[in-house]
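Peer 1: The sequence and its predicted three-dimensional model are supplied below.
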Amino acid sequence: MTAFLVRGVKTFGKFWWDFLVGDTPELALATGVIVALAFLIDGERLVGAILLPLLAAAFLLVSTLRGRRRSPGR
């Protein structure tokens, strides 16, 4: 029974790791940073409306550039 439970917990953890992190752990980290910043600048709507989309675009640009460098077709 214990081995079944341990195997189930490991499988559940692997599923969520693959679902949330997948192939690009930097995007999972970026999402966490953006969500944390959104909570930190809660009362500053103008700052959030400008900073958070720019930060998201920057993270996506960096991830895209890294992916292109790793691409075997280039």
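Peer 2: Good, I have the coordinates.

Peer 1: mind checking how far residue 51 is from residue 57?
Peer 2: Noted for residue 51: a distance of 11 Å to residue 57, by C-beta to C-beta, to the nearest Å. The way it works is simple: take the backbone N, C-alpha and C, and place the C-beta from them, glycine included.

Peer 1: Which one's more surrounded, those two?
Peer 2: Taking other C-beta atoms under 10 Å, residue 51 and residue 57 do not tie; residue 51 has more neighbours (15 against 10).

Peer 1: hang on, residue 41 packs against residue 55?
Peer 2: No - here residue 41 lies out of contact with residue 55, judged by C-beta atoms under 8 Å, at a distance of 11.0 Å.

Peer 1: and the residue nearest in space to the middle of the chain, what is it in contact with?
Peer 2: Against the mean C-alpha coordinate of the chain, by C-alpha atoms, centre = their mean, the closest residue is residue 28 at 1.2 Å. Shown in contact with residue 28 (C-beta atoms under 8 Å, 6 or more residues apart in numbering): 20-22.

Peer 1: Residue 32 now?
Peer 2: With C-beta under 8 Å, 6+ apart as the criterion, no residue contacts residue 32.

Peer 1: mind checking which helix or strand it is in?
Peer 2: helix 25-40 (DSSP states H and E).

Peer 1: what about residue 26, neighbour count?
Peer 2: Neighbours of residue 26 under the rule other C-beta under 10 Å: 13.

Peer 1: Just the mean pLDDT for stretch 44-64, thanks.
Peer 2: Across stretch 44-64, pLDDT averages out at 89.

Peer 1: just use 774 as the starting number from now, easier for me
Peer 2: That works, and once the first residue is 774, the last one we named lands at stretch 817-837.
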